[in-house]
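> Below is the sequence, then the predicted model.
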Amino acid sequence: MVYIQQLALDLGFEHNLHTFETFILGENAEIVSILKKLFSKPLSKSPSRMIYIWGEAESGKTHLLHSINAKAKQKNDLAVYLTNKNKLIDFTFLHKPCLYCIDDIHLMDENQQIAVFNLINEIRNEPKSAIITTGNLAPKNLVMREDVRTRMGWGLVYQVKELNNYNKKLAMINNAKSRGINLDIEIADWLLNNSYTDMNSLIDVLNALDIYSLQEKKPISLFMLKRMLKEWAA
């Protein structure tokens, strides 16, 4: 099978379409509603300024964090997105209102976990800031420093439920629509039944197909999709 994600990167694509509008709710309406409320009132009056989101890989956790950053940018608010790829200095508390988005905390080393621990303590004393963290397991099952693990359960805790096949098709069509593409349901069906089942890879295929169609100067079709994949596999 072709390594779609790398090919998409080679074509110059960046994940810039992860917004609340392109996120298909499925069984996750409550957590999306809570995250949106971070922007609708002073953070000091929000239900919680500490939110932990957990779920399996490709369930949409990263999409939600990027959605927060996109919304913050739209409203001229400050948001910081951090992963295990960041340096320790990036975890420094900014002493100004900010939404801190910590992705995949279970992948962070001990020093990074300590940095998150210190950041949480700072945010608790700053009523205009909040921290949203994601991980692969519920707080009680996380394998990490005990002091950090317990803090994941201090605020609101939500599990992101993976989309069923019907909603995955909707997600593909919705993602394409956000870029001005009317994706035929036949293409979404074929992709789900003949390529990948995780959303990141499915969207990567669509992104690459979008670029491919621009290069070919022809509208997207199922024939074009099959031809592109055949060329890549050659």
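Received the coordinates, thanks. Residues are numbered from 1 along each chain as shown.
> Okay, now the unreliable bits of this structure?
1-17, 44-47, 234 (pLDDT under 70).
> Which stretches in it count as strands?
Applying DSSP state E to the chain gives strands spanning 50-54, 79-82, 99-102, 130-135, 156-159.
> Any chance of CSV for the ones you listed, columns distance to residue 184 and mean neighbour count?
In this view, the C-beta of every residue, glycine as well, is placed from N, C-alpha and C. Output for those, formatted as CSV (distance: least, CB to CB, whole Å; neighbours: other CB atoms under 10 Å):
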stretch, distance to residue 184, mean neighbour count
strand 50-54, 33, 23
strand 79-82, 34, 20
strand 99-102, 34, 25
strand 130-135, 33, 25
strand 156-159, 33, 18
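> Relative to residue 181, tell me which of the ones you listed wins on proximity.
strand 79-82 (26.4 Å; CB to CB).
> partners of the closest one, with directions?
Strand 79-82 pairs in its sheet with strand 99-102 (parallel), by DSSP bridges.
> For the partner strand, give me every contacting residue.
Residues outside strand 99-102 that contact it (CB atoms under 8 Å, 6 or more residues apart in numbering): 38, 65, 68-69, 72, 77-83, 116, 119, 123, 129-134.
> how's the protein carved up into domains?
4-13+164-233, 29-159 (automatic domain parsing).
> Could I get these in a markdown table, plus columns for distance to residue 20?
Below are those laid out as a markdown table (distance: least, CB to CB, whole Å):
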| stretch | distance to residue 20 |
| --- | --- |
| domain 4-13+164-233 | 11 |
| domain 29-159 | 5 |
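> For residue 21, find the nearest of the ones you listed.
Here domain 4-13+164-233 is closest among the domains of the chain (CB to CB), at 6.7 Å.
> ok, back up a step: could the strands of the chain be laid out in TSV, adding distance to residue 222?
As requested, those are exported to TSV (distance: least, CB to CB, whole Å):
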stretch	distance to residue 222
strand 50-54	35
strand 79-82	35
strand 99-102	37
strand 130-135	35
strand 156-159	35
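> Any idea which of those gets closest to residue 182?
strand 79-82 (31.0 Å).
> closest one to residue 19 among the domains of the chain?
Here domain 29-159 is closest among the domains of the chain (CB to CB), at 4.7 Å.
> Look up how far residue 139 lies from the spatially closest residue to residue 131 that is not a sequence neighbour.
Leaving aside its chain neighbours, residue 131 sits nearest to residue 100 (4.4 Å; criterion: CB to CB, 6 or more residues apart in numbering). According to CB to CB, to the nearest Å, residue 100 and residue 139 sit 18 Å apart.
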